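Enquirer: Need the 3D shape of this:
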Amino acid sequence: MPYPDTANLPFNATVIADGFTPEPPDSGGGAGPGVWAVLRGNSLVVEERGGTLALPEGERPHWLSAGREAITIGRWYGRPLRIARMSAQDPLPSPFVAEPFNATGERLDDATLTIGGMAQQILHWERDSRFCARCGAPQDRLPGTWGKRCPPCGVEHFPHIHPCAIVLVKRGDEFLLTRKPDWAPGRYGLVAGFLDFGESLEECARREVREETGLEIGAIRYVGSQCWPFPSQLMAGFVAEYAGGEIRVDHAELEDARWFSPDAMPASIPPRRSIARWIIDRFAIGDRGPGTRDQGPGKLIIPFRSRRIAVSFVPALCRLAVALWVGGAALFTFVLTPTIFRTETRDAAGRIVGYLFPGYFRWGLACGAVALLALLLARGKNWMPAAVLLVVMLAVTAFQAFHVEPKAALIKQQIPSFETTPKDHPMRREFSKLHGISAVCNLSVIAGGVVLMVLL
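Expert: Model (predicted):
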């Protein structure tokens, strides 16, 4: 897992703990060159350096207008770290670019993203705390903190952090995902909402699930949290068990809500840098990455509508192909093989054997190829070990089809009267040896198929 704990998620202080030393805004911050986190709308201004994105360094950037206040918030590896906001209309000269916080490419590294998020949260507080919420008078800074004090009425204000509960609801192997109307096409996420008066975080999670989807949840447990500076939330994550009810979507909040499974995922889920994705990966799909994972370089791209069909139909096709393959191996091993030795019989069983036996290995190879192709397309539950096992099973069946059985058939043809030939005859012994090898191969395929069914 890229993030072993929620503390390691971007926007949390742990990510920059090694290089960042916080300082209060009235510390002076020192003069001279530094590192700059400049916001432009909902984007962070960075410099392109040989394919990487980095925060601007040096003296105050010439493209940051003189009227924009810069605040020193601490030191980044010993150099002053300053934050500021520029107008979205101000031009940016090359090699500087404004990289959106929600860019799908995730080009910003975690530390840069976290510094940008902290700048976003602080500048939001600085803008909204200029005037007293009680009397409207301008406020002064409280020494050594980010707090403000209103001189006329004496009220003190501190940064407003808004707690939210975000919850994954599980029902066996299924889990509840919801979709808001303004999200990207096909994107589904977790139920989430702000804490209300008189609520614990757990009570908030229960209420949000009930209000948005009509479902009731039972046992609930806290799993971690993430600072979410858009503009100033703290996301407290929970996993809950389904307790009852049918989905009734509150269309004032949501566009859709439904049950999904690791083998039937939506077209898109939250990015890996969010606590929502962390919870889904760890507690819903086991960090396997669903078949509809976020697209990137070198990844299979399936059109949106086709992808929905693929993620639900393809895994079932894989299991069906494996079941037919293993069933054929079991039939051949325990029913057909003994009958083959009685070639003089001309009863119905003998005719069935004569029809089925020549095509069994082609049948097995075809089923195995279909199963492998379906598995690689879906890339769902435990797909990597399952694919390796499928390749081994295909190799065993191919060994039977192209080496063991042709050699056994040739020996049988060379013996004039196979049934009356003594069992200690060298060619009869060689045939029995090959028959034993074939049986072991079949049993291996059967065992592999059982393991595959467990993996899938």
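Enquirer: lowest confidence element among the helices and strands of the chain?
Expert: Lowest by mean pLDDT, DSSP states H and E among the helices and strands of the chain is helix 348-356, with a mean of 48.
Enquirer: which residues touch whichever strand or helix holds Glu203?
Expert: Using DSSP states H and E, Glu203 sits within helix 201-213. Outside helix 201-213, the residues that touch it by CB atoms under 8 Å, 6 or more residues apart in numbering are 163-167, 169, 176, 178, 191-196, 199, 215-217, 220, 222, 236, 238, 240, 247-250, 253-254, 257. Any C-beta I mention is one placed from the backbone N, CA and C, and that applies to glycine too.
Enquirer: Please pick the buried ones from those.
Expert: 164-167, 169, 176, 178, 191-193, 195, 215, 217, 220, 236, 238, 240, 249, 253-254, 257 (16 or more other CB atoms under 10 Å).
Enquirer: for the stretch 301-450 of the chain, what are the low-confidence residue spans?
Expert: Scanning the stretch 301-450 of the chain for pLDDT under 70 picks out the ranges 301-317, 325, 331-364, 374-383, 412, 415-421, 423, 428.
Enquirer: if we go to 80?
Expert: 301-387, 390, 397, 400-432, 434-436, 438-439, 441-442, 445, 448-449 (pLDDT under 80).
Enquirer: Do a quick rundown of the helices in it.
Expert: For the stretch 301-450 of the chain, applying DSSP state H, counting those that start in this stretch gives helices covering 304-331, 337-340, 348-356, 360-378, 383-399, 405-414, 426-455.
Enquirer: Asp256 contacts Lys180, correct?
Expert: No - Asp256 lies out of contact with Lys180 (CB atoms under 8 Å); the separation is 9.0 Å.
Enquirer: coming back round to it: pLDDT averaged over the helix holding Glu203, what's the number?
Expert: The average of the pLDDT scores along helix 201-213 is 98.
Enquirer: any idea of the mean pLDDT for the next helix or strand after it?
Expert: Going down the chain from helix 201-213, the next helix or strand is strand 216-228, by DSSP H and E. Regarding strand 216-228, the rounded mean pLDDT is 97.
Enquirer: name the helices or strands packed onto strand 216-228?
Expert: Secondary-structure packing of strand 216-228 (3 or more CB pairs under 8 Å, 6 or more residues apart in numbering; DSSP states H and E): strand 162-171, helix 201-213, strand 233-244, helix 275-283.
Enquirer: most neighbours per residue, which of those?
Expert: By mean neighbour count, with neighbours taken as mean count of other CB atoms under 10 Å, helix 275-283 ranks first of the helices and strands packed on strand 216-228 at a mean of 23.
Enquirer: wait, doesn't His160 sit right on Gln233?
Expert: No - counting by CB under 8 Å, His160 does not reach Gln233; the two are 10.3 Å apart.
Enquirer: Can you tell me the closest non-neighbouring residue to Phe399?
Expert: Nearest residue to Phe399, sequence neighbours excluded (CB to CB, 6 or more residues apart in numbering): Cys441, at 6.6 Å.
Enquirer: wait, what's in contact with the one you found?
Expert: Counted by CB under 8 Å, 6+ apart, Cys441 has contacts 396-397, 399-400, 404.
Enquirer: looking at those, which has the most residues close by?
Expert: Gln400 (27 neighbours; other CB atoms under 10 Å).
Enquirer: Does Gln120 touch Arg40 like I think?
Expert: No - using CB under 8 Å as the test, Gln120 is too far from Arg40 to be in contact (11.2 Å).
Enquirer: Could you report the neighbour count for Gly401?
Expert: You called it Gly, but residue 401 is Ala. Neighbours of Ala401 (other CB under 10 Å): 16.
Enquirer: how close does it get to Leu365?
Expert: 7 Å (CB to CB, to the nearest Å).
Enquirer: what's the answer for Arg79, then?
Expert: For Arg79 relative to Leu365 (CB to CB), the value is 64 Å.
Enquirer: count of residues packed around the closest residue to Arg272 other than its chain neighbours?
Expert: In space, and not counting its chain neighbours, Arg272 is closest to Pro2: 6.1 Å by CB to CB, 6+ apart. Around Pro2 there are 12 other residues, counting by other CB under 10 Å.
Enquirer: What of Val391?
Expert: 12.
Enquirer: Quick check: it touching Leu372?
Expert: Yes - with contact defined as CB under 8 Å, Val391 counts as touching Leu372 (7.0 Å).
Enquirer: List the residues that contact the spatially closest residue to Leu55 that is not a sequence neighbour.
Expert: Excluding the flanking residues, the one nearest Leu55 by CB to CB, 6+ apart is Val35, at 5.2 Å. Neighbour list for Val35: 55-57, 76, 79-82 [criterion: CB under 8 Å, 6+ apart].
Enquirer: Just the buried ones from these?
Expert: Restricting those to buried positions leaves 55-56, 76, 80-82, with burial counted as 16+ other CB under 10 Å.
Enquirer: wait, which of those residues is closest to Val451?
Expert: Leu55 (50.2 Å; CB to CB).
Enquirer: how much space between that closest one and Glu47?
Expert: 7 Å.
Enquirer: do the same with Leu190
Expert: Counting by CB to CB - Leu190 and Glu47 are separated by 35 Å.
Enquirer: What of Phe131?
Expert: 35 Å.
Enquirer: more neighbours, those two?
Expert: Between Phe131 and Glu47, Glu47 has the larger neighbour count (other CB under 10 Å), namely 16 against 13.
Enquirer: Assumed that one was part of a helix.
Expert: No - counting by DSSP: H, G, I helix; E, B strand; the rest coil, Glu47 is located in no helix; its state is strand.
Enquirer: and it, what are its bridge partners?
Expert: Under DSSP bridges, the beta-bridge partners of Glu47 are Ala54, Phe96.
Enquirer: Next up, the contacts around it.
Expert: Per CB under 8 Å, 6+ apart, neighbours of Glu47: 53-57, 95-97.
Enquirer: Including pLDDT and distance to Pro24, could those residues go into TSV?
Expert: What follows is the contacts of Glu47, written out as TSV (pLDDT from 0 to 100; distance: CB to CB, whole Å):
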residue	pLDDT	distance to Pro24
Leu53	94	29
Ala54	95	26
Leu55	97	21
Pro56	97	23
Glu57	96	23
Pro95	95	33
Phe96	96	29
Val97	95	31
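Enquirer: now for those residues, which pair is the farthest apart?
Expert: Glu57 and Val97 (15.5 Å).
Enquirer: Tyr3 against Trp278, yeah?
Expert: Yes - judged on CB under 8 Å, Tyr3 makes contact with Trp278 at a distance of 5.9 Å.
Enquirer: Can you work out which residues contact both of these two?
Expert: Common neighbours of Tyr3 and Trp278 (CB under 8 Å, 6+ apart) are 9, 272.
Enquirer: So for the spatially closest residue to Phe194 that is not a sequence neighbour, what's the pLDDT?
Expert: Spatial nearest neighbour of Phe194, excluding adjacent residues (CB to CB, 6+ apart): Cys164 at 5.3 Å. For Cys164, the model assigns a pLDDT of 98.
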